Each structure stands twice: as C-alpha cells, then as structure tokens.
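In: the following comprises the amino acid sequence and a computationally predicted model.
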Amino acid sequence: MTKRENYRAVEKLKLLNEALGATKKNVARLQERHHVVLKKICSYTLLTPSSKKLWLKLEQPLMLL
C-alpha cells in the first residue's frame, strides 16, 4: 500500500467514525422520544374511564386467588 492509499484509507475511516458518532446520537435521541411517547400512551390508557373498567375486570380473578 502506498502512502497515498494509506492516507485515503485513514481519511475514509475518519469519515466513517464521524458518521457512526452522529448515528449513535440520533439513535439515543430517537430512543428517548420513543420512551416519552410510550409513557404518554400508557398513562392515557391507564387513565381513560373505559380502561379503568377493563383493569377492574382483570383484577377480579386475581383477588380470588
């Protein structure tokens, strides 16, 4: 491998490393957003009147144990 080829390979690896770092940041940001949305969905589901009735029905068999 010539010096020039070596230099190009190093430059490409640097670019790939930067892209990987940016991708990791995007993944972390999207995971946090997913967590927030999921939390909101769960709270809404647990607090709606129809779901309260469902939870009560589900708890009844457990109370019989």
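Out: Thanks, I have the structure now.

In: name the helices or strands packed onto the helix or strand containing A19?
Out: Assigned by DSSP states H and E, A19 falls within helix 3-47. Secondary-structure packing of helix 3-47 (3 or more CB pairs under 8 Å, 6 or more residues apart in numbering; DSSP states H and E): helix 49-63. Bear in mind the C-beta positions are built from the backbone N, C-alpha and C, glycine included.

In: now do the helix it packs on, average pLDDT.
Out: Mean per-residue pLDDT for helix 49-63: 65.

In: try stretch 20-33
Out: So the average pLDDT for stretch 20-33 ends up being 94.

In: go through that stretch and flag the buried ones.
Out: Within stretch 20-33, no residue is scored as buried using 16 or more other CB atoms under 10 Å.

In: distance from the chain centre to that stretch, please.
Out: In terms of CA atoms, centre = their mean, to the nearest Å, the centre of stretch 20-33 is found 9 Å from the chain centre.

In: again, but for stretch 8-24
Out: Computed by CA atoms, centre = their mean, the chain-centroid distance of stretch 8-24 equals 23 Å.

In: now swap in stretch 7-23 and tell me
Out: 25 Å.

In: how many neighbours does E5 have?
Out: 9 (other CB atoms under 10 Å).

In: actually L16, not the one I wrote
Out: Counted by other CB under 10 Å, the residues lying close to L16 total 10.

In: what's the answer for I41, then?
Out: 10.

In: next one: it from L30, what distance?
Out: 16 Å (CB to CB, to the nearest Å).

In: where does V10 land on pLDDT?
Out: So V10 comes in at 96 (pLDDT).

In: begin at 672 from now on, thanks
Out: Happy to do that; since the first residue is 672 now, the last one works out to V681.

In: separation between it and L687?
Out: For V681, the distance to L687 (CB to CB) stands at 11 Å.

In: S721 too?
Out: For S721, the distance to L687 equals 51 Å [CB to CB].

In: same question, K695
Out: Relative to L687, K695 is positioned 13 Å away (CB to CB).

In: which residues touch M672?
Out: Shown in contact with M672 (CB atoms under 8 Å, 6 or more residues apart in numbering): A680.
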